[in-house]
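>>> Compute the structure for the input listed below.
(chains A and B)
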Amino acid sequence: GAGVSQSPRYKVAKRGQDVALRCDPISGHVSLFWYQQALGQGPEFLTYFQNEAQLDKSGLPSDRFFAERPEGSVSTLKIQRTQQEDSAVYLCASSEGGLTSTDTQYFGPGTRLTVL
Amino acid sequence: AQKVTQAQTEISVVEKEDVTLDCVYETRDTTYYLFWYKQPPSGELVFLIRRNSFDEQNEISGRYSWNFQKSTSSFNFTITASQVVDSAVYFCALTIAYSGAGSYQLTFGKGTKLSVIP
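Numbering: from 1, shown residues only, chains lettered A, B, ... in the order given. This is a model prediction of the structure:
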């Protein structure tokens, strides 16, 4: 079966532009996570969805970051008015069960965002 | 709050040598899960292993083995007879069982970059 896919793989934006990053989780996976990975660092949690409900957004760094998963499958992470500090790899992960399952997370290849 | 420390930033070994990657974690919770992921140059995080806090048995999978010791809060990873294909960044991660707030997000260490020289 297909793994987690993300698009685009690379995105270059000028400072101030809006960007949208897409994640296709493993089919049937209930949980979806977004992480941000700065260069040379480990991934850091941004937000969590159980089906279409965004149950945890404690990691979003500012109100310029917005995520949605309207039909409980594909998710989009949107960053408005991008800043240079937003440059990072954005990783999406999905897991089979919901909030209480603590199932293993499987990751996509990431989107590398560069803000000029 | 949870914390994972991988003190080794970079390691270089010659092919066929054994290498151990260290991981030390901190959590106040009694039910937690530990993971190792591999990140090759392509960027995707590849799941390697998951252990829960109640199972301290060491595990071996081919050339890979893991040593979980609650007494020292460590979950170390050993590669035996390393190969060039093992070159990657390896991350140790921790999550706790859901306790009514947040979600089971992973807390990662900063990673150890392993280079295996032919």
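
>>> How about the contacts made by the closest residue to chain B within chain A?
Distance from chain B to each residue of chain A (CB to the nearest CB) is smallest for residue A:42, at 3.2 Å. Bear in mind the C-beta positions are built from the backbone N, C-alpha and C, glycine included. When contacts are counted by CB atoms under 8 Å, 6 or more residues apart in numbering or on different chains, residue A:42 is found next to B:4, B:91, B:93, B:108, B:109, B:110, B:111.

>>> which residues of chain B fall in strands?
Secondary structure of chain B (DSSP state E): strands located at B:3-5, B:10-14, B:19-21, B:24-26, B:32-39, B:46-52, B:59-61, B:64-69, B:74-79, B:88-96, B:107-108, B:112-117.

>>> List the contacts of residue B:6.
B:21, B:22, B:23, B:24, B:91, B:92, B:109, B:110, B:111, B:112.

>>> Wait, the fifth one touches residue B:47, no?
No - with contacts counted by CB atoms under 8 Å, residue B:91 stays clear of residue B:47, the gap being 10.5 Å.

>>> Tell me which of these two has more neighbours.
residue B:91 (25 against 15; other CB atoms under 10 Å in any protein chain shown).

>>> so what's the more buried one bridging to?
Beta-bridge pairing for residue B:91 (DSSP bridges): residue B:37.

>>> cool, and residue A:34?
Each beta-bridge partner of residue A:34 is listed here: residue A:47, residue A:92, as defined by DSSP bridges.

>>> Pull the contacting residues for it.
When contacts are counted by CB under 8 Å, 6+ apart, residue A:34 touches A:23, A:45, A:46, A:47, A:48, A:67, A:75, A:77, A:90, A:91, A:92, A:93.

>>> The second one: what's it in contact with?
So that's residue A:45. Under the criterion of CB under 8 Å, 6+ apart, the contact partners of residue A:45 comprise A:33, A:34, A:35, A:58, A:59, B:105, B:106, B:107.

>>> For the closest residue to it other than its chain neighbours, give its distance to residue A:66.
Residue nearest to residue A:45 in three dimensions, not counting chain neighbours: residue B:105, with 3.8 Å by CB to CB, 6 or more residues apart in numbering or on different chains. In this structure, residue B:105 and residue A:66 are separated by 18 Å, where distance is defined by CB to CB, to the nearest Å.
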